[in-house]
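[1] After the sequence you'll find the predicted model.
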Amino acid sequence: MTSSLLQSLIQSTGVLCALLLIGMFLRARVPLFRKLLVPASVLGGFVGLFLGPQVWGQASFVPIQEEWVSTWSLLPGILIVPVFAAIPLGKFKNKKAEKKGGGRREVAKVTMISGIASGAFGFQVILGVGLALLMGKFLPNLNLYNNFGFEMSQGFNGGHGSAGAVGNVLMEAGASHWELAQGVSSTFATVGLLGGLILGVFIINRASKNGETAFLKKSAQLPASTSFGYTKKKEEQGELGRETTVSSAIETLSVHIGIILIVCAMAYWVRGLAVTYEVIGFEDIPVWPYALIIMYGVNFLLNVFKLDWLVDARVKSHISGAMSDIAITAAIASMPVKAVMAYMLPIAVISAAAFVVVYYTTVKMFQVLMPDSFPFERGILSFGINTGVMMTGITLLKICDPDFESPALEDYSFSYAIRTVIDLISTPIMYAILARGTSYQMLMFGVIYVIICYVIVGIGKILYRGKEETAGEKDAAGRLAETA
């Protein structure tokens, strides 16, 4: 590493940050972008893509160097490691939550939510890879590469940040098409994010007219601050979080970033050992699952040694959010657009089918399995999350449940305990198949995954059946009955 390389890295990252701020300006100024809630990182990424050599080649009139674009293409795969490593940090035991989740009915609800939410992802894997296999058979000229279509499940579940995960897995496995797959993932993520919001608002308005919503009785509208992406009123602006340390000794941000990067370094070391000693089943796992698992251990130790005061979940979230913004901008700005355009037909077909499948495996599934417990609110939250990111789901939920009176968000948060166990077991297998396996093996993975998820749903349903409704659920059922 030389100083010139570091200078080039700072320059290229500086340009990315400029694109990010341009995206923020466009979001605030263009009504269509405000209406669609397009993130600044997505807008900034597309500005960089359209102005750069990826579209214009040597004729580009903006001085964006090819070397910078190469750096940008690598950034998502690198930044995804600290982003995922940060997830468990700050998730300490909550006494209120323990009391809330202690009853049999509460456990049953959380169990069903876990199975339905995870099962929706499994259906997406089956759909994406399965449709790609069918199209490859009847339209061989499409030249679909191995495991094509899997990117949809990643882009629709995790947004543009997941594009870095796909790229990271394939890059570390030595796959020549890693950059293309990263671009395809980013395309799916863009389609999912925008389509999920547009369709979500349409679904909410239709449900409201049909009397299916417990709280919303008129057309859905978003507050101005959500649409613009900021508020000028200082008294309405939020806070970054607690200052857990005194800055004269060490900055709070330094503590949080330090913990995250230490875990990342440990993850690279552990994976290096797995590769060096050729540990079967572990050498193909990318770095970030190691970082995720190690951070669970670190977070547990912080709790055991009563150091939870040192970490603030909001500060951590802002750090990982900033990294995600840069990673998303970089992923889109470096997208190999000409190569991705060759796959627009299968991307469009798979995306259209995915919205239908997500709707039926979330909104409709909750109405069938949990009809007496805020089914629409739970369903629309999952619909948003399964077409974009967590914030997409929360935004849609806030439209139809402005004050979060339903337990949908709280119960979904509790379900992470079960879903984490599922993911810790399934993720290494899934990415090992992506790195070394075939499309048929990925399809079989999706089928088995869905079966396991719905066994969990079945267990929850057995526990749930026959129990008395809570007061809140009776209240909601009464409201729905009045409007029917």
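    Thanks, I have it.
[2] Leaving aside the residues adjacent along the chain, what's closest to A117?
    Of all residues not flanking A117 in the chain, S382 sits nearest, at 5.2 Å (CB to CB, 6 or more residues apart in numbering). C-beta here means a position set from N, CA and C on the backbone, and glycine is covered the same way.
[3] Could you look up the SS state of F92?
    Here F92 is coil, with the state taken from DSSP: H, G, I helix; E, B strand; the rest coil.
[4] same question, Q154
    Classification of Q154 by three-state DSSP places it in helix.
[5] The one 10 residues further on now?
    At G164, secondary structure determined by three-state DSSP is helix.
[6] From what I see, it and L74 are in contact.
    No: between G164 and L74 there is no contact under CB atoms under 8 Å: 9.6 Å.
[7] For the two, indicate the residue with more neighbours.
    For G164 versus L74, neighbours defined as other CB atoms under 10 Å are more numerous around G164 (32 against 17).
[8] Can you tell me the element the closest residue to the more buried one other than its chain neighbours falls in?
    Closest residue to G164 apart from its sequence neighbours, by CB to CB, 6+ apart: P76 at 3.0 Å. Per DSSP states H and E: P76 is located in helix 66-85.
[9] how deep is L302 tucked in, by neighbour count?
    Using other CB under 10 Å, the number of residues around L302 comes to 18.
[10] Same question for V363.
    Number of residues near V363 (other CB under 10 Å) recorded here: 22.
[11] Same question for M344.
    By other CB under 10 Å, neighbour count at M344 equals 11.
[12] now V255
    For V255, using other CB under 10 Å, the count is 17.
[13] correct me, but it touches L307?
    No: V255 is beyond contact range of L307, at 10.5 Å (criterion: CB under 8 Å).
[14] With adjacent residues omitted, what lies nearest to the residue most central in space within the chain?
    Residue closest to the average C-alpha location in the chain (CA atoms, centre = their mean): G158, at 1.7 Å. Closest residue in space to G158, ignoring its immediate chain neighbours: V389 at 6.4 Å, by CB to CB, 6+ apart.
[15] Next up, phi/psi of N386, please.
    Per-residue torsions, N386: phi -90, psi 0 (degrees, to the nearest 10).
[16] Distance of it relative to I259?
    Distance, N386 to I259, using CB to CB, to the nearest Å: 30 Å.
[17] before we move on, back to that, need the pLDDT of the residue nearest to G158.
    At V389, the model reports a pLDDT of 76.
[18] How much space separates it from E239?
    Distance, V389 to E239, by CB to CB: 22 Å.
[19] Of those two, give the one with the bigger neighbour count.
    Just comparing V389 and E239: by other CB under 10 Å the higher neighbour count belongs to V389, 23 against 8.
[20] circling back: neighbour-wise, which of N386 and I259 wins?
    Applying other CB under 10 Å to N386 and I259 shows that N386 carries more neighbours, namely 28 against 21.
[21] now for the helix or strand hosting V263, which elements pack on it?
    Using DSSP H and E, V263 sits in helix 252-276. The criterion is 3 or more CB pairs under 8 Å, 6 or more residues apart in numbering; DSSP states H and E, and the helices and strands that helix 252-276 contacts are helix 66-85, helix 287-304, helix 313-333.
[22] tally of neighbours for the nearest residue to Y145 once chain neighbours are set aside?
    Nearest in space to Y145, with sequence neighbours left out and distances taken as CB to CB, 6+ apart, is H177 at 5.3 Å. When neighbours are defined as other CB under 10 Å, H177 has 16 of them.
[23] ok, H177 to Y343 distance?
    H177 sits 11 Å away from Y343, going by CB to CB.
[24] just the helices in the stretch 301-450 of the chain please.
    313-333, 337-341, 344-361, 363-369, 375-385, 390-400, 408-414, 416-436, 439-464 (DSSP state H, counting those that start in this stretch).
[25] circling back to that earlier point, show the pLDDT at the residue nearest to Y145.
    The confidence metric pLDDT takes the value 89 at H177.
[26] how near is it to P336?
    Using CB to CB, H177 is found at 10 Å from P336.
[27] now A132: how far from D325?
    Counting by CB to CB, the separation of A132 from D325 is 30 Å.
[28] The two - which one has more neighbours?
    A direct count of neighbours by other CB under 10 Å for A132 and D325 places A132 higher, at 28 against 24.
[29] ok now do the more buried one, which residues does it touch?
    Counting by CB atoms under 8 Å, 6 or more residues apart in numbering, A132 touches L144, F148, G149, P346, I350, S439.
[30] What about those residues, which one has the most neighbours?
    G149 leads those on contacts (other CB under 10 Å) with 31 neighbours.
[31] Could you tell me the backbone phi and psi angles at that residue?
    Reported as degrees, to the nearest 10, the phi and psi values for G149 are phi 100, psi -30.
[32] Might one say that it is in contact with P346?
    Yes: taking contacts as CB under 8 Å, G149 lies within contact range of P346: 7.2 Å.
[33] which residues do those two both contact?
    Taking CB under 8 Å, 6+ apart as the contact rule, G149 and P346 both touch L131, A132.
[34] separation between the residue nearest to Y145 and V279?
    Using CB to CB, H177 is found at 26 Å from V279.
[35] Could you list the low-confidence segments of the stretch 151-300 of the chain?
    Filtered on pLDDT under 70, the stretch 151-300 of the chain yields the residue ranges 161, 163, 217-223, 225-226, 281, 284.
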